[in-house]
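1. have a look at this prediction, sequence included:
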Amino acid sequence: MPKYKSILSTEPDDEPVSNIEQKIAYFDNFIHQRLQPDLDAACERRDGVFKEIAEYTQLRQNVAVLRARQPAGRPLETRADLGMDFYVTAVVDDCEKIVVDIGLGVFVEMGWDEVEAAAKRREDFLGRRGEALTTRITEIQAHMKLLLNYLAQLKSVR
């Protein structure tokens, strides 16, 4: 995650700012060309993390429902969606093991207890990542607010 140098107290590195109009243009450009894209990217990543958390939560709930409704050793009858709302009846002989995508295209066959434990660990990890992204978003928003206040002061001096 990029850290921003203190740009309020120093001049830009590439050229000295000689007047207020140039400062206004520089900071306005910095907000729109640097901070806003960083904010949008961080928000998009955080939304992806929250979506993944929801998927793991749903997986744990589905395992709990399977455990409650499906006696051991009995085949599971379900409907599988083939796409475009076209369903077929499916019979799963052994639903004690579930194949789970653990990331990077790796699939692992796990028992119900293992699935619940792995999903909980992944939810915790993703929750920490979501908190870090939320902190980053807050930092970027604070930088933007600071610069917008500075721009308002510069415009009032003009």
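-> Perfect, I can see it now.

2. the most centrally placed residue in the chain: what's its closest spatial neighbour, skipping adjacent residues?
-> The centre of the chain sits closest to Arg46, judged by Cα atoms, centre = their mean, with a distance of 2.4 Å. The shortest distance from Arg46 to any non-neighbouring residue, by Cβ to Cβ, 6 or more residues apart in numbering, is to Leu133 (4.0 Å). (Each C-beta comes from the backbone N, C-alpha and C, glycine too.)

3. just Thr89 next, same as before
-> The shortest distance from Thr89 to any non-neighbouring residue, by Cβ to Cβ, 6+ apart, is to Arg79 (5.9 Å).

4. shaky segments in this structure?
-> 1-18, 72, 158 (pLDDT under 70).

5. redo that, cut-off 50
-> Along the chain, the model assigns pLDDT under 50 to residues 9-17.

6. what helix or strand is the residue nearest to Arg46 on?
-> For Leu133, the host element (DSSP states H and E) is helix 112-157.

7. which helices and strands does that helix pack with?
-> Here helix 112-157 touches helix 20-30, helix 36-69, strand 97-103, going by 3 or more Cβ pairs under 8 Å, 6 or more residues apart in numbering; DSSP states H and E.

8. quick one: distance of it to the chain centre.
-> Relative to its chain's centre, helix 112-157 lies at 9 Å (Cα atoms, centre = their mean, to the nearest Å).

9. cool, thanks, talk later.
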